[in-house]
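prediction below, plus the sequence it came from.
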Amino acid sequence: MARIAILTPYSNPTVGGISSFVAGLERTLRARGHEVAVLSGHGDGDRESHSNLGGGFEYRDRASAFLSAISPDVVHCNGHQAVLAAGVHYRRAHPGTRLIFSFHTTPRIRVGVLLRGLLGSTDVITFVSASQMEELRAKLRLKGDLRLLRPAVEIRSIDRNAAIDWTRERGIREAFPTLSFIGPLEYPKKVRGVIDLVASLSIVRMKFPSAQLLVVGDGSLRQKVAGAATVRGVPVTITGFVDRPDFILAATDLYCHISYQEGLPLALLEAMAAGCAVIASKAGGIPEVLDGTNGLLVEPGPTAIAEAILRLAADSAAREKMGRAAVETIRSSFSWESRLPELYAAYGIGG
């Protein structure tokens, strides 16, 4: 069995896609007998001393010291330059170590020489989608071993009655259709999609007057979404981040991932794993997942979004069929079990 160190800027209870990925990765590797250490910048590592290590140079220096103490065979760095810097620092002193870096979101900032240099010291660089890999290959002039490592999620059965009770306790009424979106309200292109979704509700409510939208997330652009709902006069509940998004999904008639900037959103995969019928924008790696049977791709703009919502809201059989196909897609291609061969190949270890 291998000794694996997972380096991450975020872990639970910090909310986000990287935290969810790291939690699933740690759980999966431990279940197969590997020795796993998680070193987290913000959130809980595998032990108190590996938690809340900070960011930037502080993370690099503290994580490097802990790596020297645990002597891993594999160092898997996730998401941020400071995290990768710690892995590279350790690797230079221990050249036999396998070093992997995984992109999660696509960087918005102007890429500098330092990141390119750090990436040149890795054995494998992974990406959440083929579109992200091609974009960053060109942007960063990447060479070497580039691979896909798409997110993975678990399929869980959820008690719909408990979910309805949970939403009711938080003042969320029953309605049809109940639409939902899960994601940070922080990035302008993402939020532009959410605002288009809010605007589409005006059209949907002409045919379904009780339709409502639940936006599960928070961020600096939250008020823009709230303001758009006020201007349109439509019922939008912004819950902030919640501890039970699976309950939101169980109470959802149609999950709508409308965002114009994506890698491959974990929230979309989690909605599919919950058996939701889904519609989503043609952004990032989303078209690599949805094929029309397991979810609908929609063009940008409120009218196109509303047309897709109305089509599925009016056809319960189509929603149920799409939800079943979505679960099968997750089971066959986006479960942690299906991800193990790719992980082992990247890590250079046997299954």
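Looks like it arrived, so ask away. Numbering: from 1, shown residues only.

what about the strands in the stretch 251-351 of the chain?
Applying DSSP state E, counting those that start in this stretch to the stretch 251-351 of the chain gives strands spanning 254-257, 278-281, 296-298.

given the shortest one, what are its sheet partners and their directions?
In its sheet, strand 296-298 lies beside strand 278-281 (parallel), with partners assigned from DSSP bridges.

lowest confidence element among the helices and strands of this structure?
None of the helices or strands of the chain scores lower by mean pLDDT, DSSP states H and E than helix 160-169, at a mean of 83.

now the longest helix that the chain contains: buried residues?
Using DSSP state H to define each element, the chain has its longest helix at helix 188-207. Across helix 188-207, burial judged by 16 or more other CB atoms under 10 Å covers 190-201, 203-205. To be clear about C-beta, it is placed using only N, CA and C from the backbone, and glycine gets the same treatment.

distance from the chain centre to it, please.
21 Å (CA atoms, centre = their mean, to the nearest Å).

remind me what that helix packs against, helices and strands.
Applying 3 or more CB pairs under 8 Å, 6 or more residues apart in numbering; DSSP states H and E, we find helix 188-207 packed against strand 178-182, strand 212-216, helix 222-232, helix 302-313.

which residues are contacting stretch 167-179?
Applying CB atoms under 8 Å, 6 or more residues apart in numbering, the contact partners of stretch 167-179 are 164, 197, 201, 204, 208, 210-214, 235, 237, 239, 247-248, 251-256, 309, 313.

buried subset of those residues?
197, 201, 204, 208, 211-214, 235, 237, 239, 247-248, 251-256, 309, 313.

what about residue 24, how many neighbours?
18 (other CB atoms under 10 Å).

list the contacts for it?
152, 153, 154, 336.

list phi and psi for the closest residue to residue 191 other than its chain neighbours.
Leaving aside its sequence neighbours, residue 191 sits nearest to residue 221 (CB to CB, 6 or more residues apart in numbering; 4.4 Å). Phi and psi for residue 221, reported as degrees, to the nearest 10, are phi -100, psi 10.

got a list of what residue 221 touches?
Residue 221 sits next to 185, 186, 187, 188, 191 when contact means CB under 8 Å, 6+ apart.

pull the most distant pair out of the residues you listed.
185 and 188 (10.2 Å; CB to CB).

how far away is the most centrally placed residue in the chain from residue 28?
Most central in the chain under CA atoms, centre = their mean is residue 266, positioned 2.8 Å from the mean C-alpha point. The spacing between residue 266 and residue 28, counted by CB to CB, to the nearest Å, is 15 Å.

how is this structure divided into domains?
Under the assignment automatic domain parsing, the domains of the chain span 3-152+335-347, 160-333.

could you check how far the first one is from the centre of its chain?
When you say that, I think you mean domain 3-152+335-347. 15 Å.

let me see the mean pLDDT of that domain.
For domain 3-152+335-347, mean pLDDT is 94.

same check, this time on stretch 242-259
On average, the pLDDT along stretch 242-259 is 91.

I'd assumed residue 332 was in contact with residue 152.
No: here residue 152 lies out of contact with residue 332, judged by CB atoms under 8 Å, at a distance of 11.7 Å.
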